[in-house]
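Quick one, fold the following:
(one chain, ligands or ions: 1)
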Amino acid sequence: MKDKMKFATKVIHAGIEPDPSTGAIMTPIFQTSTYVQEEPGVHKGYEYARTQNPTRKVLETNLAALEGGYDAVCFGSGLAAMDAVLKLLSPGDEIIATNDLYGGSYRLIVRIYQKFGIKAHFINMEDTELLQKTINTNTKLIWIETPTNPMLKIIDIEEVCAVAKKHNILTCVDNTFASPYLQQPIALGADLVLHSATKYLGGHSDVVLGAIICSTKELAEQIHFIQNASGAINGPFDCFLVLRGIKTLHVRVKQACKNAKKIAKFLKDHPKVSKVYYPGFKDHPGHETAKKQMKYFGGMVAFDLVDDNFESAKKVLSGTKLFSLAESLGGVESLIGHPASMTHASIPKEERLKVGLTDSLVRLSVGIEDVDDLIEDLKEALDKV
Ligand SMILES: *Cc1c(COP(=O)(O)O)cnc(C)c1O
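This next block holds a predicted model:
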């Protein structure tokens, strides 16, 4: 039965068994640093908590099931998880990544890994011909984020992975924005999937955690080795919180997607809004691809103002009462953000403007409140411009 579970059953049951010693239905928080051995080398599979922790193991098993991977490995944050993937590379290797990447991911590649001799190309990956042209014999990793952040471009995962496979290049998809409920990259050919579980997986803005889901045993062994060798693990309580959040992933994400769709429509018709970025619109260049690879169009919406300067954006950003001005996304509560000064401040202005990330761009992470209240809130804020 457990092999054939559908998604909504998996979020609640995959990898989760009542605690054998007590019958507790919830996975216990194993707050321990070490495990007692009967005699040297004789133990129950757990030696030291950097290497293995039972609470973490349950979360890893659950995540692997949700993404259709062989195994998963959890880390102290999404960026710690990405750091582990980059450690698969050696000096001289090259990365090709999407050009409107999460700011922290861009910073990790450019400011940390470049100095160790790893070169990166940031390209528009909607263009697979450009991808083909950028590949050379040193290319070892293709990094995809889709929908992209914050421009909500859609990259065809299957197409990019097919190109990568031809050249024997690893692909990693940052699936944070979509969540495994909407999109499962391993089934589309990806080797690795990254999550900032801080966002939709946790879902309640109360934990920072990252994970990598590996498609094969070999990759899982390598990533587990890096996890243990570098040590960027997370604590068991954080695993417990994410496990609890995941149980309602499908319900939360579905509602956020419904709300986002109505909000995107409202914004599109608003006279003070010049452009709305939302893959659910038929005229969005990635609409057909989104329809093909995603279940719904996601809970993120970005928009630009007719009055295109930071001052106007500030009025909207400080004018909402339900949308809280904050970094992050994917929680039950709606957030509003200003990518240019917040999440993407670490990207040079020329780079930002190339992808349309202007000073007046506003990003919404739509929560699961009543959508009429959310629209009213935006209406009042836009009146202030
Ligand atoms: C937040 C985020 C990350 C980084 O995750 P942390 O848990 O904050 O380290 C990476 N990718 C995307 C798309 C994100 O939104």
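
Would you mind listing what in the chain touches the ligand?
When proximity is defined as CB under 6 Å from any ligand atom, the chain approaches the ligand at 77-79, 102, 104-105, 145, 149, 174, 176-177, 196, 198-199, 208, 210. Glycine gets a C-beta too; all of them are placed from N, C-alpha and C.

mind running it again at 5 Å?
Proximity of the chain to the ligand, by CB under 5 Å from any ligand atom, involves residues 77, 78, 79, 102, 174, 176, 196, 198.

OK, contacts around the fifth one?
So the one you mean is residue 174. Under the criterion of CB atoms under 8 Å, 6 or more residues apart in numbering, the neighbours of residue 174 are 82, 102, 105, 143, 144, 145, 193, 194, 195, 196.

Look up how far residue 336 lies from it.
In this view, residue 174 and residue 336 are 22 Å apart by CB to CB, to the nearest Å.

so what's residue 216 closest to, chain neighbours aside?
residue 70 (5.5 Å; CB to CB, 6 or more residues apart in numbering).

That neighbour and residue 220 touch, don't they?
Yes. Between residue 70 and residue 220 a contact is recorded at 5.4 Å, counting by CB atoms under 8 Å.

contacting residues around the helix or strand bottoming out on mean pLDDT in the chain?
Among the helices and strands of the chain, helix 349-354 carries the lowest confidence by mean pLDDT, DSSP states H and E, at a mean of 86. Defining contact as CB under 8 Å, 6+ apart, one finds that helix 349-354 is touched by 99, 122, 339, 340, 344, 358.

Among those, which pair sits farthest apart?
By the measure CB to CB, 122 and 358 form the most distant pair in the contacts of helix 349-354, at 18.2 Å.

Any figure for the gap between the most centrally placed residue in the chain and residue 341?
In the chain, the centroid-proximal residue (CA atoms, centre = their mean) is residue 176; its distance is 1.4 Å. Distance of residue 176 to residue 341, computed by CB to CB: 21 Å.

swap in residue 197?
Here residue 197 is placed at a distance of 26 Å from residue 341 (CB to CB).

Pick out whichever of the two has more residues nearby.
residue 197 (31 against 13; other CB atoms under 10 Å).

For the more buried one, give me its contacts.
So residue 197 contacts 63, 74, 78, 207, 209, 210, 211, 242, 245 (CB under 8 Å, 6+ apart).

mind redoing it with 6 Å?
With contact taken as CB atoms under 6 Å, 6 or more residues apart in numbering, residue 197 is in contact with 209, 211, 242.

Which parts of the stretch 51-200 of the chain are strands?
71-75, 94-98, 119-123, 139-145, 170-174, 192-196 (DSSP state E, counting those that start in this stretch).
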